[in-house]
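Visitor: No sequence on hand, only this structure:
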């Protein structure tokens, strides 16, 4: 069904795309890892000397191996950050090369490229999200059985690897269960699974069912994922029309014609391809899963419009649009036109990624200016009182204790400076730690629990409370005074 030889024309295009992504991860490593979760996880890896897997999303271990090894070898902090930034794209690149060079699955290579671009702008600078990592594991699991069966390898070997990679995928992010069900039904309907005999097909169905049952069982007992899904599980049928009109629904629809219009083109071309091929069952299936996932997202995040976060949650939409596009639209084109079309689509998305960079560049500049002011006042630990200005400028400020100490270490300060941003109300509710304790993101960490090779504290200095006097966003001229 798939014209793999025809799709092979896309190989230089997607390889070029991944080279650009690697280059971006290299250039913007500081912007990517002085931001919220990324700085927090890096800080914990270095100080705990072990993998840090939040929310039982174990598939994310792969991106932590390089920075962990770097910390254990006592490599310079800048090198560890660079390794961490590159590790994500390196993993994705290895998966891509396996898909197209080893397995000959150019369809999955193009699909993976779309997953890393169609809804990516700000989220490129927030690499620590598990969805793309789960997609990589899932695509490996999909490609392996056919490859080993054609190589006349024992099916048990294929089965075990499929179960492993499929499990890693849905443990990376539970929403990948929806993608997996869609892919299985789509492939079954369109004969993509014909390389399996009946017994092998049943075995893989059992593997999928067991893996999904185990994941959903754990979700039901895990506060993080179960709390996210709670609004959807409590949704009443009569409430559904209102969901499609909430803030997030309007945000998504609007951006499909502005920021994410390339996705809309791919989606419409896929629909055209299915209609032209008279694949009406596939059309209904794709639209059904699209609407179901749209409902899940709008119920789970009804008012959320923070692009860098929601973009990672939009990856499943890429499957419902790209699979029909790859299977039914691209085969209609000549090789030359496939190259031109994919090059244009990827080029536009790279431009959007570049346009998102100034915010993250400016965010690091803000961190540097605050540290400069602390340096002038000879403060090593500070609480910055801020009601709106810094929060508006930085979007997320909960990670500043660890972002600032990492940045101070990069500036070769010994001991390092650290600050946290709070409102007046938050300050009144917290007891500031003693001289020998770091006020971290979610903890008060004594200096004895810092890795002394990378981080030191001035245990003679207390936390100073500093107020923001000036208004506006020009942080080069902001003045701070110590609150008496």
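Guide: Ah, there it is. Keep in mind that what you see is a predicted model, and the values were worked out from it rather than measured.
Visitor: Strands along the protein, start to end?
Guide: Here the chain has its strands, by DSSP state E, at 381-385, 418-422, 437-439, 444-446, 464-468, 480-482.
Visitor: just those strands: most buried one?
Guide: strand 418-422 (a mean of 24; mean count of other C-beta atoms under 10 Å). All C-beta atoms are positioned from the backbone trio N, CA, C, and that covers glycine.
Visitor: for it, packing partners?
Guide: helix 357-376, strand 381-385, helix 389-394, helix 400-410, strand 437-439 (3 or more C-beta pairs under 8 Å, 6 or more residues apart in numbering; DSSP states H and E).
Visitor: For those, which has the smallest mean pLDDT value?
Guide: Here the helices and strands packed on strand 418-422 differ in mean pLDDT, and the lowest is helix 389-394 at a mean of 74.
Visitor: give me every residue that touches the residue nearest the centre of the chain.
Guide: Centroid check for the chain by C-alpha atoms, centre = their mean gives residue 129 as the closest residue, at 2.9 Å. Applying C-beta atoms under 8 Å, 6 or more residues apart in numbering to residue 129 gives the contacts 37, 123, 309, 312.
Visitor: quick one: which of the strands of the chain is nearest residue 339?
Guide: strand 418-422 (48.1 Å; C-beta to C-beta).
Visitor: Name the residues that touch that closest one?
Guide: Counting by C-beta under 8 Å, 6+ apart, 370-371, 374, 380-386, 390-391, 394, 397, 400-402, 404-405, 408, 430, 438-439 sit against strand 418-422.
Visitor: re earlier: okay if I get the strands of the chain as a markdown table plus distance to residue 210?
Guide: As requested, these are exported to a markdown table (distance: least, C-beta to C-beta, whole Å):
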| stretch | distance to residue 210 |
| --- | --- |
| strand 381-385 | 50 |
| strand 418-422 | 45 |
| strand 437-439 | 44 |
| strand 444-446 | 40 |
| strand 464-468 | 55 |
| strand 480-482 | 57 |
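Visitor: just so I know, which of the ones you listed lies nearest residue 305?
Guide: Nearest of those to residue 305, taken as C-beta to C-beta: strand 418-422 at 21.8 Å.
Visitor: Adjacent strands (with direction) for that closest one?
Guide: strand 381-385 (parallel) (DSSP bridges).
Visitor: and the angle for the strand it pairs with with helix 400-410?
Guide: Note on geometry: by axes from the mean of the first three to the mean of the last three C-alpha atoms, to 10 degrees, strand 381-385 and helix 400-410 are set 130 degrees apart in direction.
Visitor: tell me how far strand 381-385 is from the chain's mean position?
Guide: Here strand 381-385 is found 30 Å from its chain centre; the criterion is C-alpha atoms, centre = their mean, to the nearest Å.
Visitor: Report the inter-axis angle for that strand versus strand 464-468.
Guide: Going by the same axes, to 10 degrees, strand 381-385 makes 30 degrees with strand 464-468.
Visitor: separation between the residue nearest to residue 451 when sequence neighbours are not counted and residue 79?
Guide: Distances taken as C-beta to C-beta, 6 or more residues apart in numbering put residue 47 closest to residue 451, at 4.9 Å, once the chain neighbours are dropped. According to C-beta to C-beta, to the nearest Å, residue 47 stands 17 Å off from residue 79.
Visitor: and if you look at residue 174?
Guide: Distance of residue 174 to residue 79, computed by C-beta to C-beta: 34 Å.
Visitor: the more surrounded of the two?
Guide: residue 174 (23 against 14; other C-beta atoms under 10 Å).
Visitor: Quick check, the more buried one in contact with residue 215.
Guide: Yes - using C-beta atoms under 8 Å as the test, residue 174 is close enough to residue 215 to be in contact (6.0 Å).
Visitor: In the stretch 251-400 of the chain, where is pLDDT below threshold?
Guide: Within the stretch 251-400 of the chain, the segments meeting pLDDT under 70 span 387-388, 391.
Visitor: Next one: residue 431 from residue 464, what distance?
Guide: Computed with C-beta to C-beta, the distance linking residue 431 and residue 464 is 15 Å.
Visitor: next one: residue 420
Guide: Distance of residue 420 to residue 464, given as C-beta to C-beta: 11 Å.
Visitor: for residue 278, same thing?
Guide: For residue 278, the distance to residue 464 - C-beta to C-beta - is 71 Å.
Visitor: Mind listing residues that contact stretch 20-31?
Guide: So stretch 20-31 is contacted by 32, 81-82, 84-86, 88-90, 92-93, 116, 124-125, 127, 350, 353, 357, 360-361, 363-364, 410 (C-beta under 8 Å, 6+ apart).
Visitor: Looking at the residues you listed, which are in helices?
Guide: 32, 81-82, 84-86, 88-90, 92-93, 350, 353, 357, 360-361, 363-364, 410 (DSSP state H).
Visitor: out of these, which are buried?
Guide: 32, 81-82, 84-86, 88-90, 92-93, 350, 353, 357, 360, 363-364, 410 (16 or more other C-beta atoms under 10 Å).
Visitor: Residue 203 contacts residue 159, correct?
Guide: Yes - counting by C-beta under 8 Å, residue 159 is a contact partner of residue 203 at 5.7 Å.
Visitor: Run the chain-centre distance for stretch 86-95.
Guide: Put simply, stretch 86-95 sits 13 Å off its chain's centre (C-alpha atoms, centre = their mean).
Visitor: per-residue confidence averaged over it?
Guide: For stretch 86-95, the mean pLDDT works out to 96.
Visitor: Please list the residues outside it that contact it.
Guide: Here stretch 86-95 has contacts from 18, 21-22, 25-26, 29, 62-67, 112, 116, 127, 132-133, 136, 139-140, using C-beta under 8 Å, 6+ apart.
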